[in-house]
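1. give me coordinates for this.
(chains A and B)
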There are 2 protein chains.
Amino acid sequence: MLTLIGLGLQDEKDLSLRAIEAAKQADKVYIELYTGVWSGSLKNLEKILRKKIFVLQRSDLEENSEKILNEAKRKKVALFVQGDPLIATTHSSLLVEARKRKIKTKVIHNASIVSAVAETGLHIYKFGATVTIPFPEKIKNQKPESVLQTIEENRKRGLHTLCLLDVNEGRAMSVAEAAELLLKWQFDDVFAVAFSAGKSKIAYKRISQLAKTKFPTPAVLIIPGKLHFTEEEFLQNI
Amino acid sequence: MLTLIGLGLQDEKDLSLRAIEAAKQADKVYIELYTGVWSGSLKNLEKILRKKIFVLQRSDLEENSEKILNEAKRKKVALFVQGDPLIATTHSSLLVEARKRKIKTKVIHNASIVSAVAETGLHIYKFGATVTIPFPEKIKNQKPESVLQTIEENRKRGLHTLCLLDVNEGRAMSVAEAAELLLKWQFDDVFAVAFSAGKSKIAYKRISQLAKTKFPTPAVLIIPGKLHFTEEEFLQNI
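-> Numbers count the residues shown, from 1 in each chain, chains lettered A, B, ... in the order given. All right, here's what the predicted structure looks like:
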């Protein structure tokens, strides 16, 4: 059996009672930390579960997943993943591979940035397609045309765009970096929302101002569509 | 101080350690259950917290919120809300009203259907704007033009639409009812995904077939856009 368990947005205190129960019942517990930046402590997590937790590397999941799948055939394997477990496609691939092998699977959900952005006062039903702002080296310093196009299409329809900020080798892009990149790619210097779910911090400023603002990491950037007056009122009262 | 605490998707076992801590420290604990359908037990929740929990009615939040706000001026007030707390605009209005009165506010996130839908294998970044399928009596039996238009616009862009199903007086619309309504409104009889986060159940069938399928409630319906081959593969292995 393979159980994917969400870690939520901040640290080990985000674990649900259901998650703790499932991890305690597992024969082997893994944690995957390379697709994001987790503010928790592995030591505290092990203390809560009274269990050793094995840290997976990218290659363990993306190239050598066979090892974990084989283990899950005979044993109860639990895998901790940041946020809500299936937001990254890596984990949904693992789930489908398990099912093809007739391994029982289970998902224990937790908080995700995808819904936590509602803490900015922006209405969740007005978010269009989501994008990730990539590190320039990943796109050979070219403009990420499809990202910019998605934001534009959302804006034309009055919709907000949640821009996730890329993570590379455990380092998350900062809001200032993302804002600078958008300006470099000739994006309009509009008002945007920066949001850190872990620190519960919100900023509402022009992109050029965000490029000069110190803001906690990890965070996201939201390019708003047409603001409803209640959204505007919320952002004036952060 | 006003703390909004997410209840997650299923029952009291979805509570996080952070949520339990905050509720235990509160002087008064409320719960709001009318905007959704919760499968948990109030009695078990009270047992976990060793505290009385007061159930709020719609009027307590929408017309008489002043009472709670006044209380939060002097005391630590916690309010339990299903899913992730700010998905319903009612709660974000409460937050902004609190801030205008200089009351400290805090949000403790939890799992939400908005991210849990990734359990269907559909990629989260390909979801366009969200809609709610309304009960016909709420729209005087007319076609909900803006809902149908949003789904169409999403489809044209290859994006999925998460259709939340309306809740009225604690009764959630079933998948079969929603499917029947869509057909009545002359929506194409396409393949759609039904998903119950609480029961972890997925169905992938034509809308006309879903209209005849028994499916757990509460649930959501997803009208897919263009499927990536990994999404297709996932849905073939549910």
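2. going forward, measure contacts between C-alpha atoms and count neighbours the same way
-> Noted.
3. these two touch, right, A:Ser115 and B:Val114?
-> Yes. Using C-alpha atoms under 8 Å, A:Ser115 is in contact with B:Val114, at 6.0 Å.
4. what is the lowest-mean-pLDDT helix or strand in chain A packed up against?
-> Least confident helix or strand of chain A, by mean pLDDT, DSSP states H and E, is helix A:58-62 with a mean of 85. Under the contact definition 3 or more C-alpha pairs under 8 Å, 6 or more residues apart in numbering or on different chains; DSSP states H and E, helix A:58-62 sits against helix A:89-100.
5. for the helix it packs on, name the packing helices and strands.
-> helix A:58-62, helix A:65-74, strand A:105-108, helix B:229-236.
6. where's the very next helix or strand once past the second one relative to the chain centroid, distance-wise?
-> It stands for helix A:65-74. Note on helix A:65-74: by DSSP states H and E, the next helix or strand toward the C-terminus is strand A:77-81. In terms of C-alpha atoms, centre = their mean, to the nearest Å, the centre of strand A:77-81 is found 16 Å from the chain centre.
7. neighbouring contacts of strand A:77-81?
-> A:1-7, A:22-23, A:26-33, A:68, A:71 (C-alpha atoms under 8 Å, 6 or more residues apart in numbering or on different chains).
8. circling back to that earlier point, how about the least confident helix or strand of chain A: buried residues?
-> Residues of helix A:58-62 classed as buried by neighbour count (16 or more other C-alpha atoms under 10 Å in any protein chain shown): A:Leu61.
9. again with stretch A:192-211
-> Buried-residue list, stretch A:192-211, by 16+ other C-alpha under 10 Å: A:192-198, A:200, A:202-205, A:207-211.
10. let me see the mean pLDDT of stretch A:133-152.
-> Mean pLDDT, stretch A:133-152: 93.
11. what does the pLDDT read for A:Asp189?
-> For A:Asp189, pLDDT reads 98.
12. residues touching the closest residue to it other than its chain neighbours, list them.
-> When the adjacent residues along the chain are set aside, A:Asp189 lies closest to A:Ile207, with 5.3 Å between them (C-alpha to C-alpha, 6 or more residues apart in numbering or on different chains). Each residue near A:Ile207 by C-alpha under 8 Å, 6+ apart is listed here: A:Ala179, A:Glu180, A:Leu182, A:Leu183, A:Asp189, A:Val190, A:Phe191, A:Ala192.
13. distance of A:Lys104 from A:Lys73?
-> Taking C-alpha to C-alpha, to the nearest Å as the measure, A:Lys104 and A:Lys73 are separated by 8 Å.
14. tell me, what's touching these two both at once?
-> With C-alpha under 8 Å, 6+ apart as the test, A:Lys104 and A:Lys73 both reach A:Met1.
15. buried ones among the contacts of A:Ile207?
-> Buried among the contacts of A:Ile207 (16+ other C-alpha under 10 Å): A:Ala179, A:Glu180, A:Leu182, A:Phe191, A:Ala192.
16. can I get these in TSV with secondary structure and distance to A:Asn154?
-> Compiled in TSV, those are given as follows (DSSP: H, G, I helix; E, B strand; the rest coil; distance: C-alpha to C-alpha, whole Å):
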residue	secondary structure	distance to A:Asn154
A:Ala179	helix	18
A:Glu180	helix	21
A:Leu182	helix	16
A:Phe191	strand	15
A:Ala192	strand	14
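17. what sits against A:Gln82?
-> A:Gly6, A:Leu7, A:Gly8, A:Leu9, A:Glu32, A:Leu33, A:Gly36, A:Trp38.
18. of all those, which two lie farthest apart?
-> A:Leu9 and A:Glu32 (14.2 Å; C-alpha to C-alpha).
19. higher neighbour count, those two?
-> For A:Leu9 versus A:Glu32, neighbours defined as other C-alpha atoms under 10 Å in any protein chain shown are more numerous around A:Leu9 (29 against 19).
20. related to what we said a few turns ago, what does the least confident helix or strand of chain A rub up against?
-> By C-alpha under 8 Å, 6+ apart, helix A:58-62 touches A:Tyr34, A:Thr90, A:Leu94.
21. which one of those has the most neighbours?
-> Busiest of these [other C-alpha under 10 Å] is A:Leu94, holding 20 neighbours.
22. shouldn't it be in contact with A:Asn64?
-> No. A:Leu94 is beyond contact range of A:Asn64, at 10.9 Å (criterion: C-alpha under 8 Å).
23. now the strands for chain A?
-> A:2-6, A:28-32, A:54-56, A:77-81, A:105-108, A:131-133, A:161-165, A:167-168, A:171-172, A:191-196, A:201-206, A:220-223 (DSSP state E).
24. any regions of chain A where pLDDT drops low?
-> Scanning chain A with the threshold set as pLDDT under 70 gives no residue ranges.
25. switch to 80 and redo it
-> Along chain A, segments meeting pLDDT under 80 span A:141.
26. can you give me the distance of the residue with the largest distance to the centre of it to A:Leu4?
-> Largest separation from the mean C-alpha position in chain A: A:Arg74, at 30.8 Å (C-alpha atoms, centre = their mean). Distance, A:Arg74 to A:Leu4, by C-alpha to C-alpha: 16 Å.
27. how about the contacts made by A:Ala203?
-> With C-alpha under 8 Å, 6+ apart, A:Ala203 has these contacts: A:Val193, A:Ala194, A:Phe195, A:Ile238.
28. swap the cut-off to 6 Å and go again
-> Counting by C-alpha atoms under 6 Å, 6 or more residues apart in numbering or on different chains, A:Ala203 makes contact with A:Val193, A:Ala194.
29. give the bridge partners for it, please.
-> In this entry, A:Ala203 is beta-bridged to A:Ala194, by DSSP bridges.
30. any idea how far it lies from chain B?
-> Between A:Ala203 and chain B the distance is 15 Å, computed by C-alpha to the nearest C-alpha, to the nearest Å.
31. same check, this time on A:Lys226
-> Distance from A:Lys226 to chain B, by C-alpha to the nearest C-alpha: 13 Å.
32. ok, for that residue, nearest residue in space, not its chain neighbours?
-> A:Gly158 (4.6 Å).
33. can you check A:Lys143 too?
-> Leaving out its chain neighbours, A:Lys143 is closest to A:Trp185 (C-alpha to C-alpha, 6+ apart), at 6.1 Å.
34. tell me how many other residues crowd the one you found.
-> Neighbourhood size, A:Trp185 [other C-alpha under 10 Å]: 14.
35. let me know which of the helices and strands packed on helix A:89-100 is tucked in deepest.
-> strand A:105-108 (a mean of 20; mean count of other C-alpha atoms under 10 Å in any protein chain shown).
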